[in-house]
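Undergrad: One predicted model, sequence on top.
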Amino acid sequence: MADFSFDRHAFWAGFRDIVPLAVPGIPFGFVLGVVIAESGLDRFVAWLSSPIVLAGASQLAAIELLAESAGAAVVLVTVAFINSRHLMYSAVLRPTFSNFPNWFKIIGPYLLIDQAFALAITQPDDTDDRARMWHFLGSGALVWLVWMASTGMGVVVGDITKPEWQLGFAVPLLFGGLMIISITNRAGIVAAVVGAVVAVLGADLPQGSGVLLAIVLGVAAGGFADARLGATPEAAP
């Protein structure tokens, strides 16, 4: 039976490696906390969407819909739609994660957030399963802590923020960081450029749909570029 005991080195490596992607999530989480504070909903109950949902775009959409007295079915469908990208994440990681222990298959999906996924797919193919698993858990742990703290801070100090601060830049900034880490070839560059541009242009689209649209179009552009460029040998570095 494979050894999956705690790997301190891999866990803290994941904790450190995710820092560049976790930092842009701070203003995004703060923005969400401010929205919660100004929504009229019970602040603590609304903040609980952070540990329960753990997905910024869908949390933002859910809070806005609940503040507008939308029905539960509308909220659930909207959240499911925005989070549908995680089906793709799971499919991509399944081949390398399928041999992990059963307890991880409960905790792992909970921590399968954008930043953790982006980092996980960059791990070398020869990484052993034990190190890969604990590296993923370490990266997810830091992003979880950052998200809880930043949304909580936004809830607490939301009343003193000013509209002219324009904190909405946080969403495209976070998405841009996720795309940059995925650039490994020309197709990745195409996907990054398309995704980043769409994320910026769609920052004001309702219910977090700009992020979803950026992901879909970025992946589509990268796939198209890969199909067109795949037959052409890339220049040696």
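TA: Received, thanks. Just so it is clear, the structure is predicted and the values come from calculations on it, not from any experiment. Residues are numbered from 1 along each chain as shown.
Undergrad: only C-alpha atoms for contact and neighbour calcs from this point on.
TA: Noted.
Undergrad: quick one: the helix ranked longest in the chain to chain centroid distance?
TA: Secondary structure of the chain per DSSP state H: the longest helix is helix 129-157. Offset of helix 129-157 from its chain centre (Cα atoms, centre = their mean, to the nearest Å): 11 Å.
Undergrad: ditto for stretch 107-117
TA: The chain centroid and the centroid of stretch 107-117 are separated by 8 Å, computed with Cα atoms, centre = their mean.
Undergrad: before we move on, what about stretch 119-132?
TA: 19 Å.
Undergrad: what is the rounded mean pLDDT of that stretch?
TA: Mean pLDDT, computed over stretch 119-132, is 89.
Undergrad: going forward, begin numbering at 229 instead of 1
TA: From this message on, residue numbering opens at 229, which makes the last subject stretch 347-360.
Undergrad: Buried residues, it. List them.
TA: For stretch 347-360, the neighbour count (16 or more other Cα atoms under 10 Å) marks 347-348, 357-360 as buried.
Undergrad: Among the residues you listed, list the two that are farthest apart in space.
TA: The distance between the two most remote of the buried residues of stretch 347-360 (Cα to Cα) is 16.2 Å, for L347 and R358.
Undergrad: next helix or strand past the helix or strand encompassing F309?
TA: Taking DSSP states H and E as the criterion, F309 maps to helix 300-310. Next helix or strand after helix 300-310 toward the C-terminus (DSSP H and E): helix 313-325.
Undergrad: Report the angle between that following helix and helix 357-385.
TA: 150 degrees (axes from the mean of the first three to the mean of the last three Cα atoms, to 10 degrees).
Undergrad: Could you export helix 313-325 as CSV, CA atoms only?
TA: What follows is helix 313-325, C-alpha atoms only, in CSV (Å, rounded to 0.1, in the frame of the first residue of the first chain):
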residue,chain,number,x,y,z
ARG,A,313,-15.7,25.0,-14.6
HIS,A,314,-14.7,22.8,-11.7
LEU,A,315,-16.0,19.8,-13.7
MET,A,316,-13.2,20.5,-16.2
TYR,A,317,-10.7,20.9,-13.3
SER,A,318,-11.7,17.5,-11.9
ALA,A,319,-11.5,15.8,-15.3
VAL,A,320,-8.0,17.1,-15.8
LEU,A,321,-6.7,16.1,-12.4
ARG,A,322,-8.4,12.7,-12.1
PRO,A,323,-5.7,10.7,-13.8
THR,A,324,-3.0,11.9,-11.4
PHE,A,325,-5.3,12.1,-8.3
